[in-house]
Each structure stands twice: as structure tokens, then as C-alpha cells.
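Undergrad: Below are the sequence and a predicted model; questions follow.
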Amino acid sequence: MRYPFLKFLLLVTLLSFVVAQDVQPSDPQASPTDSSNQPPPAQSSSPLDPTSSTDPNQSNTPTPTNNGNTDSLAPTASASDVATPSSTPQTVDPNVCTALKQWFDSTNGNSWIVRNGWDSTDMTSCCSWYNVRCSSIGQVIEVDLSGNNLVGQLPDNFGTFPNLINVDFSYNNLTGPIPSTIGSAPNLKVINFDVNQLSGTLPPSIGGLVNLTYIHFKNNTITGGIPNTWSGLQKLLGLYASNNQLNGPFPDVVTSMISLQALYIDNNQFNGLLPMSLGNMRALTTLNAKGNHLLGTIPDVFGNLTSLNSLYLSGQTFNGSIPESIYSLTNLVYLDLSNNRLKGIISPGVGNLTKIQTLMLSRNALNGPIPAEIGKLTQLQYLALNYNALNGQFPSDIAPPALGYCYASPNQFQICPDPSIANDPNTMAFQCSIDCLVNSKKKSAASLTMTTFSTFLPIVIIVTMTTIL
């Protein structure tokens, strides 16, 4: 007991050695919910901006605003569609103003954020009411009450508006069904019910609106399917139905809408197979059907959809291989087939996607090597191939110059590039932080630390004991 401090120091040293033996390096790739696999905000590039919304089934799907589901609206009626409003108040059909006043009364008008004129008792002056636009001869042609705290159920009186072209009720708290008489306003071109609390089914009468170009009703609780009567919407350019409770088979009726460019039916409850008639939608530029219950193989019918630039089919139970016709879509910018059960290889035909910016194939059962053609996709910014069974040698190629986000682990690569390549920031191996590169670095560092500690610890013990004795 002559040297209690030195004995205490010896005991602490020995305990540190025991604890160090039990410490193991962690594997950052071990968790399938790795938040690092989230993409950056994408930039919008389309005038038909989508309703891309949060998908409860996805874990690593980007949300390009050309998306998939943050959202900006498709254009409302253009200047050429809407007659020039009069600069002076016009006398209006009293029946029209009365019908508008019923909207005010039924939706708690006194609590609207802006209600200028709407509380008037003059039923010939509604051209001067807040956001009511009229033609030069006093016809009500546009009403925009978006984001104005409308609460309650709209009256079913749309048959009173023979000249109405554009109506916008988005971002309010409307409840109940979409009024069935909305199909009785024959000149409607744009209808917007986005982000309300609407329920019930879609009115079949809308199919009679032969001039309709855009219809929005995303983020509601609408049920049922898309009525077959809507096949008459031959001028429809955009259908936005994301985030509802629509159900039944894939709505085959949309394939008869020959002018349709943007179709958003994501995050609903559609089930069954994709129809072969999908190949008839030659005007389609965006198809977003992610987050439904679709299954079976993806039909090989995309060769006709030469205008397609965005395809989102993630979060389903699709099986089989990726159709070769998808690789022929030379205008494709966004492709998301993640979170399915797809198998087979990634075809070298992927090199045809020369405009692709976002390529999402993660969480499937794809195998085989990563084709070298991916390295030649000069516009590629976001690549997700992780959680597959890809194997062989990881490519030694230089990464696409625009690539900013790449996820390729875990997979089953047996051969890694030479360290001189793997450590080169310009290569895909470096950009994608592949398994073998990351793990070998961590294990080597841990091994070196443990070896050094094990070598010098006995010397410390001997010196300490000699001092004590």
C-alpha cells in the first residue's frame, strides 16, 4: 500500500483495455431507414406543374416538383381563354349574383379573409365583388376564392352560371360532395377544389364539360373511381387527383382522354393491373401513380409515349422485369420505380435516357452488374440503386458530371475498384460510397487503432510494475 495512486492508475489502464476490446465499429449502411437517402428539392421544369405529394410507402423517392407530390398548380385559364374584364361595374343577371351570394351564406362568409362586396344586398353588382371577374357585357366568367377560409358545403346551384370559365375553391375547408350541378356550367375550362375536406364520389356530370382543360381535386377524401362518363373530356390536359381515397381498378377511362398531358392519381387506393390501353396516351408528359395498390407486371407499352418526361410508379407490388420500352423514352427526365418487386437486370438500354435527371430503382430485387451506360448519362443528378441484389464489379467509370446524390449500398458487389479509383472524387465509386470502400476504410482504421493499443499496453504495465517494485 506504499503507492496507492500508481496501483489505481494500473487498475484504470487494465479496465480501459478490456472496454476497448468490446468496442466494434458501426456500419452506417445497416439501417434501411437511413435518412441520408433522401433527395434534395428538385426544380420545376414543366408548365404543367404536378401535385406531387408525400408518399407513405416511399423511403427514398425524390419529390421533383415536376412531382411526384410539394406542389404548384397547373395554369388557370389563359388570357386568350377568358374575356377581358370590364374596367367599370356592370349590371349582372340578378339570378347569377343571387347564386354567388348563396356561396357566401353557405360557407360562413362573415369569416372569409376577404369578402369585399359579397355582403352586398344589390344583386346586380357582383362584378365588383372580391375576385369575381366579368366580361365586358356583365357575364360572370371567373371566380377565385382560393385560400379565403371558406368553411362548409357549397350549394348545388352551378346551373346558374352559363358563362363561368374558371372557378377556384382551393385551400379552404369545404366539406361534403362536389356539387353535382357543376356539370351544368357548360363553358367551364378550369375547376380547382385542391386541398379541402370534400368527400363523396366524383360527379358523372363533369363528363359533359367538353371544354374542360384542367381539373384539380387533390388532398381531399373523395372515394370511388373516375366515372366512365369522363371519357368525353377530349380537351382535358391535366387531371390532378392525388391524395384521396379513390379506389377500384386502374381508371381505364383516362386512357381515352386523347389530349391528356398530366395525370396525377398518386396516393390513392387503386388496385389491379396497369391496362395495355395506357399505350394510347400519346400526349402524356407526366404519369404519377405511385403509392397505390397496383400489381403484376408493368406492361411493355411505353414505346408510344414519346412525350413522357416523368414516370412515377413506386410503392406498389409490381413484379417482373423493367420493360424494355421504358428505356426508349428519350425525353424522360424523372423515373421512379422504387419500392416494388422488380427483378432482372438494368438493361444497357438505360443509356438511351439522355435527358434523365432522377433515376430511382431502389428497394427491388434487381440483379446483375450496374451497366457502364449509367456513367454516360450526363444530365443525371440523383441515382438510387440501393437495397437490390446488384452484383459483379462496381463500375470504375467517371461519374456523370451533374451527379450530386448517389445511393448504391447495400447490394452484393463482389469486386471493388482499385483504391486509386475508389478514392478519386470524380468516380462513381467515390460518389456512391459503395459498401466495400466504406467498410474497408472503417475496419482498417479500427484495426490499426486496436493493434497500436495492444502493442503498447504491455510496455506501460511493465514500466508501472517496475516503478512500484
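TA: Ah, there it is.

Undergrad: Just the buried positions in stretch 142-149, please.
TA: The neighbour-count check on stretch 142-149 (16 or more other C-beta atoms under 10 Å) flags 142-146, 148-149 as buried. The way it works is simple: take the backbone N, C-alpha and C, and place the C-beta from them, glycine included.

Undergrad: Who are the packing partners of the helix or strand encompassing residue 141?
TA: If you go by DSSP states H and E, residue 141 is part of strand 140-144. Applying 3 or more C-beta pairs under 8 Å, 6 or more residues apart in numbering; DSSP states H and E, one finds that strand 140-144 contacts helix 94-106, strand 132-134, strand 166-168.

Undergrad: Figure out how far the second one is from the centre of its chain.
TA: What it means is strand 132-134. 35 Å (C-alpha atoms, centre = their mean, to the nearest Å).

Undergrad: Next: the last one.
TA: Averaged C-alpha coordinates place strand 166-168 at 25 Å from its chain's average position (C-alpha atoms, centre = their mean).

Undergrad: And stretch 397-404, by the same measure?
TA: 24 Å.

Undergrad: Make 322 the first number, not 1, from now on.
TA: Sounds good: first residue 322 from here, last item stretch 718-725.

Undergrad: what does that stretch rub up against?
TA: Outside stretch 718-725, the residues that touch it by C-beta atoms under 8 Å, 6 or more residues apart in numbering are 361, 678, 693, 695-704, 727, 747-749, 751-753.

Undergrad: from the buried residues of stretch 463-470, which two are the most distant?
TA: 463 and 470 (19.8 Å; C-beta to C-beta).

Undergrad: so where's the stretch 372-521 of the chain uncertain?
TA: 372-411 (pLDDT under 70).

Undergrad: swap the cut-off to 50 and go again
TA: Across the stretch 372-521 of the chain, the ranges flagged by pLDDT under 50 are 372-409.

Undergrad: all strands of it, in order?
TA: 453-455, 461-465, 472-473, 487-489, 494-497, 511-513, 518-519 (DSSP state E, counting those that start in this stretch).

Undergrad: Next, residue 639: phi, psi?
TA: phi -60, psi 140 (degrees, to the nearest 10).

Undergrad: From residue 481, how far off is the nearest residue to residue 421 once chain neighbours are set aside?
TA: Distance criterion C-beta to C-beta, 6 or more residues apart in numbering; nearest residue to residue 421, sequence neighbours excluded, is residue 447 at 5.2 Å. From residue 447 across to residue 481, the span is 12 Å (C-beta to C-beta, to the nearest Å).

Undergrad: These two: which has the busier surroundings?
TA: Applying other C-beta atoms under 10 Å to residue 447 and residue 481 shows that residue 447 carries more neighbours, namely 26 against 19.

Undergrad: what pairs with whichever strand or helix holds residue 656, and is each one parallel or antiparallel?
TA: Element membership for residue 656 (DSSP H and E) is strand 655-657. The pairing partners recorded for strand 655-657 under DSSP bridges are strand 631-633 (parallel), strand 679-681 (parallel).

Undergrad: Quick check: next helix or strand after it?
TA: strand 664-665.

Undergrad: sorry, back to before: so which of the strands of the stretch 372-521 of the chain comes closest to residue 597?
TA: Using C-beta to C-beta, those put strand 511-513 closest to residue 597, at 30.0 Å.

Undergrad: what packs against that closest one?
TA: strand 487-489, strand 535-537.

Undergrad: List the contacts of that strand.
TA: Strand 511-513 has contacts (C-beta under 8 Å, 6+ apart) with 394, 397-398, 467, 486-491, 503, 527, 533-538.

Undergrad: Show me what the mean pLDDT comes to for the helix or strand harbouring residue 741.
TA: Applying DSSP H and E as the criterion places residue 741 in helix 740-743. Averaging pLDDT along helix 740-743 gives 86.

Undergrad: Which secondary structure elements does the helix or strand that it is followed by sit against?
TA: Sequence order places helix 749-753 as the next helix or strand after helix 740-743, per DSSP H and E. Other elements packing on helix 749-753 under the criterion 3+ C-beta pairs under 8 Å, 6+ apart are strand 726-728, helix 740-743.
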